[in-house]
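[1] Got a predicted structure plus its sequence, pasted below:
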Amino acid sequence: MVDKELTMTSDEVLDYIKNNFKEFDKVDIAYNRVSAKGDILGVDLSDYKGKPSCRVMIALDGEIISDTIEVDFEEYKEDIIELHHWPKDESKESVYIEVI
């Protein structure tokens, strides 16, 4: 169940990720023909090789693949299709975002 449904541009969704993703939140992101569902282990907003970055470490909840991945959404922001975000803090709303 999702509490809030939003439509955003790729830049707006990147800002959402930077400002709202916290450690141990649950997320399901569809980007670049990939779907990554799991727990957020960390968000790193430091520059990477002299460029801005938004690296998110996700522990995948896969039946076949259960691994940890790191995705730089600064690099893939144009490829994000949609995301579901369930904050660990249950007093906060879960969010579905469709990227236009």
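    Structure's in. What do you need? Computed from a prediction, not measured in an experiment: that's the story for all the values here. Numbering: from 1, shown residues only.
[2] switch to C-alpha atoms for all contacts and neighbour counts from now on
    Noted.
[3] Tell me which residues of the biggest helix by length in the chain come out buried.
    When the chain is parsed with DSSP state H, its longest helix is helix 10-20. For helix 10-20, burial by neighbour count (16 or more other Cα atoms under 10 Å) applies to 10, 13-14, 17-18.
[4] Helices of this structure, start to end?
    10-20, 73-76.
[5] Show the low-confidence segments of this protein, by residue range.
    1, 64-66 (pLDDT under 70).
[6] now the angle from the strand ranked longest in it to helix 10-20?
    The single longest strand within the chain, with elements called by DSSP state E, is strand 34-44. With axes from the mean of the first three to the mean of the last three Cα atoms, to 10 degrees as the basis, strand 34-44 and helix 10-20 are set at 50 degrees to each other.
[7] just how off-centre is strand 34-44 within its chain?
    Computed by Cα atoms, centre = their mean, to the nearest Å, the chain-centroid distance of strand 34-44 equals 6 Å.
[8] ditto for stretch 77-88
    Here the centre of stretch 77-88 is set off from its chain's centre by 4 Å, with Cα atoms, centre = their mean.
[9] again with stretch 4-20
    For stretch 4-20, the distance to the chain centre is 9 Å (Cα atoms, centre = their mean).
[10] Check stretch 13-29 too.
    Mean-position distance between stretch 13-29 and its chain equals 4 Å (Cα atoms, centre = their mean).
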